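J.: This is a predicted model, with the sequence first.
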There are 2 protein chains.
Amino acid sequence: MSVDLELAPKTKRPAGEPCCEPVVHPDVGSVRSERMALVAKALGDPTRIQLIDVLRKNAGKVCVCELVPLFDLSQPTVSHHLKVLRDAGLVGSERKGLWAYYYVIPDALEELSAWLS
Amino acid sequence: MSVDLELAPKTKRPAGEPCCEPVVHPDVGSVRSERMALVAKALGDPTRIQLIDVLRKNAGKVCVCELVPLFDLSQPTVSHHLKVLRDAGLVGSERKGLWAYYYVIPDALEELSAWLS
DNA sequence: TATGTAAATAGATGAGTGTCGATCTCGAGC
DNA sequence: GCTCGAGATCGACACTCATCTATTTACATA
């Protein structure tokens, strides 16, 4: 096994100039990017965007029984979407007797909005 | 087949009060919610969040050959993520000889940020 | 023209997602 | 206790997605 004795520059730039300025490295694997991606992924469905919309426009807490008929989806499916939003910290829920009420947690939305700007 | 002659109220509220105030309906199936979801979905991956981060921190256009070694991913995979971002209108690209340069399109990010706030 | 290289595309694969019907949970009222 | 109903969970299914290796495309240089 021979060893490369010569450390000759293998850089063979087609043009004389380099392709670009050295880049600023990202915080690879950072907690922040993971968090932003998680929030964005939770918002990456039209139904969930609309759920957030309704919950925001109705300032208080909204009953699930009012949310379900707004969509052309089964009750379990709406329940699933609400769970995704809750797991991402975008909405909160509260049970009162038979009914469950959901509400937006503005901080989480604000967090992503801030990163985008 | 008999018909329900009596329109007696079937509402059997456990408590006397209704579960909640009538909700404001969402613009169901609106173009806007579709668009917001599409953008959010494109951002719903840590690698793509970091790509946006790098492209933003490097004000100009960044060569793909500089982007690839930043991640612990194969070149085709990084290329795929860039394509997803481009298809969503979040970044643009330009070829110069052998190299391809990508840059952020701020308007698209701003659009989602505005919706969130 | 032949060679080397940057980036995109193709194809495969395992994991994840949206949706449904069916079932379970648990509180309310008889 | 028994029944009813709101909402959550389960299990299944088709579809999408992130990733890889292999290949193709397009350009630059010799």
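T.: Looks like it came in fine.
J.: In chain A, what residue spans correspond to strands?
T.: Assigned by DSSP state E, the strands in chain A fall at A:62-63, A:91-96, A:99-104.
J.: got those as a markdown table, with mean neighbour count, mean pLDDT and distance to DNA strand D columns?
T.: The C-beta positions use only the backbone N, C-alpha and C, and glycine is treated the same way. A markdown table is the format used below for the strands of chain A (neighbours: other Cβ atoms under 10 Å in any protein chain shown; pLDDT from 0 to 100; distance: least, Cβ to the nearest atom of the strand, whole Å):
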| stretch | mean neighbour count | mean pLDDT | distance to DNA strand D |
| --- | --- | --- | --- |
| strand A:62-63 | 22 | 95 | 4 |
| strand A:91-96 | 14 | 95 | 6 |
| strand A:99-104 | 19 | 96 | 4 |
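J.: which residues touch A:Cys20?
T.: B:Gly60, B:Lys61, B:Val62, B:Cys63, B:Glu66, B:Trp99, B:Tyr101 (Cβ atoms under 8 Å, 6 or more residues apart in numbering or on different chains).
J.: 7 Å - rerun?
T.: B:Val62, B:Cys63, B:Glu66, B:Tyr101 (Cβ atoms under 7 Å, 6 or more residues apart in numbering or on different chains).
J.: In chain A, where is pLDDT below threshold?
T.: A:1-18, A:26-29 (pLDDT under 70).
J.: Can you name the residues of it sitting close to DNA strand C?
T.: Within chain A, the positions near DNA strand C by Cβ under 7 Å from any atom of the strand are A:10, A:12, A:19, A:41, A:44-45, A:47, A:72-77, A:80-81, A:84, A:97-98.
J.: Just the buried ones from these?
T.: Neighbour-count burial within the residues of chain A next to DNA strand C applies to A:Cys19, A:Lys41, A:Gly44, A:Asp45, A:Thr47, A:His81, A:Val84; the criterion is 16 or more other Cβ atoms under 10 Å in any protein chain shown.
J.: Report the separation between the fifth one and B:Thr77.
T.: In this structure, A:Thr47 lies at 29 Å from B:Thr77, with Cβ to Cβ, to the nearest Å as the measure.
J.: The third one too?
T.: Remark: distance between A:Gly44 and B:Thr77 (Cβ to Cβ) = 19 Å.
J.: what do you get for the last one?
T.: Summarising the geometry, the distance separating A:Val84 from B:Thr77, computed by Cβ to Cβ, is 25 Å.
J.: Equivalent analysis for the fourth one, please.
T.: A:Asp45 sits at a distance of 24 Å from B:Thr77 (criterion: Cβ to Cβ).
J.: What residues does chain A have near chain B?
T.: A:14-15, A:19-20, A:23-26, A:28, A:33-34, A:36-37, A:40-41, A:43-46, A:49-50, A:53-54, A:57-58, A:62-63, A:65-66, A:70-71, A:97-99, A:101, A:109, A:112-113, A:116-117 (Cβ under 7 Å from any Cβ of the partner chain).
J.: Now, the residues you listed that are in helices?
T.: Mapping the residues of chain A next to chain B onto helices (DSSP state H) picks out A:33-34, A:36-37, A:40-41, A:46, A:49-50, A:53-54, A:57, A:65-66, A:109, A:112-113, A:116.
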